[in-house]
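Novice: 3D, please:
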Amino acid sequence: MRLISYNSEYHNKYDLKYQGFLLNSSETNFIFRVKNLSPNNFQQINHIVTPQKVKERIKIILNRGGILEFVKTENRIFCNNLVLSDSLLPNIFGEILLKFYSSSYSKMIDLVNEIKKANPLNYDLSDNHDFYTYKVKRFLIDIALRIFPLKIWEGNYDGNDGYLIVKDDGKIICSHIYHKHLFENYLLNNTKLETASTSRHNFGKLYKENGGLFIKLNLQIRFTN
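Specialist: Predicted coordinates:
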């Protein structure tokens with residue numbers, strides 16, 4: 001199946017899945033305070049330069065007793081766009097990022113399921129409310145329908161843009177307007193997190209600020225193959 005974006009005003013269509021990204025990595029860094037880690041580890045951890053260096057740095061921090069605590073997103077507009085969608089969405093994606101960078105999970109559905117088990121936000125799950133899945137699905141729809149990290153979002157969708165889920169033979173399965181449930185499930189099951197360029201987006205290294213130790217982790221969401 002494919003996700004097709006179209007513009008009803010100009011009658012343009014393009015294949016969003018093959019474009020690759022649902023949310024690119026521009027200005028989507030999350031800042032974490034690193035607690036309970038000896039300063040003696042600072043240089044050694046930052047000197048890790050393997051292809052999986054960010055994940056390996058996080059693994060060592062955790063193995064040596066370090067605790068990563070979400071502080072905020074680096075970009076204020078991106079943070080406020082997240083909060084407008086859901087007030088706890090920055091915290092939820094902070095937890096999803098930690099799971100991604102500290103495990104082998106990358107698919108969004110798997111990351112959400114792992115977060116649900118841990119329930120880091122301490123939701124009342126006694127009645128089996130699926131808080132995490134619902135909030136992540138809603139955010140993925142918001143992203144697909146035009147939340148941009150650097151543009152102030154007022155909660156409105158572009159009236160001219162639409163999305164279709166299409167089979168490989170061209171048959172339309174659903175649209176975001178008429179089949180919201182299918183559309184959000186498609187996004188949840190066909191996206192994954194990916195590590196962006198650390199040098200281009202300035203993340204993945206320990207740094208000191210105001211007497212504290214911090215690290216930035218980047219959020220990039222793309223469609224699975």
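
Novice: can you give me the strands for the protein?
Specialist: Under the criterion DSSP state E, the chain contains strands at 2-7, 12-15, 21-23, 29-35, 67-73, 161-166, 172-175, 191-193, 206-209, 212-218, 221-223.

Novice: Would you mind giving those as TSV with mean neighbour count added?
Specialist: For every residue, glycine as well, the C-beta is placed using N, CA and C. Shown next, in TSV, are the strands of the chain (neighbours: other CB atoms under 10 Å):
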stretch	mean neighbour count
strand 2-7	18
strand 12-15	11
strand 21-23	19
strand 29-35	20
strand 67-73	17
strand 161-166	19
strand 172-175	15
strand 191-193	23
strand 206-209	14
strand 212-218	20
strand 221-223	20
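
Novice: Compare those strands and say which comes out lowest on pLDDT.
Specialist: Of all the strands of the chain, the minimum mean pLDDT falls on strand 12-15 (a mean of 48).

Novice: Could you dump the strands of the chain into TSV and include distance to Lys137?
Specialist: Shown next, in TSV, are the strands of the chain (distance: least, CB to CB, whole Å):
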stretch	distance to Lys137
strand 2-7	15
strand 12-15	22
strand 21-23	13
strand 29-35	20
strand 67-73	20
strand 161-166	14
strand 172-175	14
strand 191-193	11
strand 206-209	33
strand 212-218	22
strand 221-223	13
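
Novice: looking at those, which is closest to Glu114?
Specialist: strand 191-193 (12.1 Å; CB to CB).

Novice: quick one: least confident helix or strand in the protein?
Specialist: strand 12-15 (a mean of 48; mean pLDDT, DSSP states H and E).

Novice: Look at Ala144 and say how many residues are nearby.
Specialist: 22 (other CB atoms under 10 Å).

Novice: thinking again about what came up before, nearest to Phe42, of the strands of the chain?
Specialist: Between Phe42 and the strands of the chain, the tightest spacing by CB to CB is seen for strand 206-209, at 5.6 Å.

Novice: Parallel or antiparallel, list what pairs with that closest one.
Specialist: Here strand 206-209 is paired, per DSSP bridges, with strand 212-218 (antiparallel).

Novice: CA-only coordinates of the strand it pairs with in PDB, if you can.
Specialist: Presented in PDB, the C-alpha positions along strand 212-218 are these (Å, rounded to 0.1, in the frame of the first residue of the first chain):
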ATOM      1  CA  GLY A 212      24.400  20.400  34.600                       C
ATOM      2  CA  LEU A 213      25.000  17.600  32.100                       C
ATOM      3  CA  PHE A 214      22.700  17.300  29.100                       C
ATOM      4  CA  ILE A 215      22.200  15.500  25.800                       C
ATOM      5  CA  LYS A 216      20.000  16.200  22.800                       C
ATOM      6  CA  LEU A 217      18.100  13.500  20.900                       C
ATOM      7  CA  ASN A 218      16.500  14.100  17.500                       C
END
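
Novice: Perfect, that will be all.
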